[in-house]
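# got a predicted structure here, sequence first:
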Amino acid sequence: MARPELTLSLQFADPSHRAVLPRHKVARWIRAALEAPAEITVRIVGQDEGRELNRGFRNKDYATNVLTFDYQHEPVVVADLVLCAPVVAQEAAEQGISLHAHYAHLLVHGALHAQGYDHEEEADAQVMEARESELLLALGFADPYRPAAARR
């Protein structure tokens, strides 16, 4: 099955993970999650910018792993995905997974948010997590919602 078209802008305000995120892999991971054509900007940021954006848009005074700014769902998905490199690295280390695998998960997660998926309510979380698991397994990664011991 052909994947929807993706126009991707990849920006590195924090270049520390540039080698882990080659454009073709980022595009592959996002495209796997798309259900419609999309124009997506992915921006990798440091701790300060991540914290500032989370505080400004979510009123939470800390840097988070991924922020999704979805501007349009139809007929073309238009969104910005902002990932905070230090937070992603810390989480990957804590979970005992590769940085590569954690970025893939967060980019799939963000792309699903960009299309209207959410996890605020339990029923919605189950749908979104099941979709993430399905997509990541298809991409050759472990299920991010299985216990860490079972993923190794």
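Arrived safely, thanks for sending. Numbers count the residues shown, from 1 in each chain.
# what does whatever helix or strand residue 78 lives in contact?
Assigned by DSSP states H and E, residue 78 falls within strand 77-84. Strand 77-84 has contacts (CB atoms under 8 Å, 6 or more residues apart in numbering) with 14, 30, 34, 36-47, 49-50, 53, 63-72, 103, 106-107, 110-111, 113-115. Every C-beta, even on glycine, is put in place using the N, C-alpha and C of the backbone.
# which stretches of the protein have low pLDDT?
For the chain, the stretches with pLDDT under 70 are 1, 147-152.
# what about the helices in it?
Taking DSSP state H, the helices of the chain run over residues 23-33, 47-58, 85-95, 99-114, 122-138, 148-151.
# which other helices and strands contact the longest one?
Other elements packing on helix 122-138 under the criterion 3 or more CB pairs under 8 Å, 6 or more residues apart in numbering; DSSP states H and E are helix 23-33, helix 99-114.
# in it, what counts as buried?
Within helix 122-138, the residues that count as buried by 16 or more other CB atoms under 10 Å are 128, 129, 131, 132, 133, 135, 136.
# how about the fifth one: what's its closest non-neighbour residue?
By the measure of CB to CB, 6 or more residues apart in numbering, the closest residue to residue 133 outside its immediate chain neighbours is residue 143, 4.5 Å from it.
# coming back round to it: out of the helices of the chain, which gets nearest to residue 8?
Across the helices of the chain, residue 8 has its closest neighbour in helix 23-33 (5.2 Å, CB to CB).
# out of the helices and strands packed on helix 122-138, nearest to residue 9?
helix 23-33 (9.9 Å).
# relative to helix 122-138, how tilted is that closest one?
Here helix 23-33 points in a direction 130 degrees away from that of helix 122-138 (axes from the mean of the first three to the mean of the last three CA atoms, to 10 degrees).
# what does helix 23-33 rub up against?
With CB under 8 Å, 6+ apart as the test, helix 23-33 has contacts from 3-4, 6, 8, 10, 38, 40, 42, 81, 100, 103-104, 107-108, 111-112, 115, 131, 135, 138-139.
# could you rerun that using 7 Å?
Residues from elsewhere that reach helix 23-33, judged by CB atoms under 7 Å, 6 or more residues apart in numbering: 3, 6, 8, 10, 40, 42, 104, 107-108, 111-112, 135, 138-139.
# now do the contacts for the residue nearest to the spatial centre of the chain.
Nearest to the geometric centre of the chain sits residue 107, at 2.2 Å (CA atoms, centre = their mean). For residue 107, the contact set (CB under 7 Å, 6+ apart) comprises 26, 29, 30, 42, 81.
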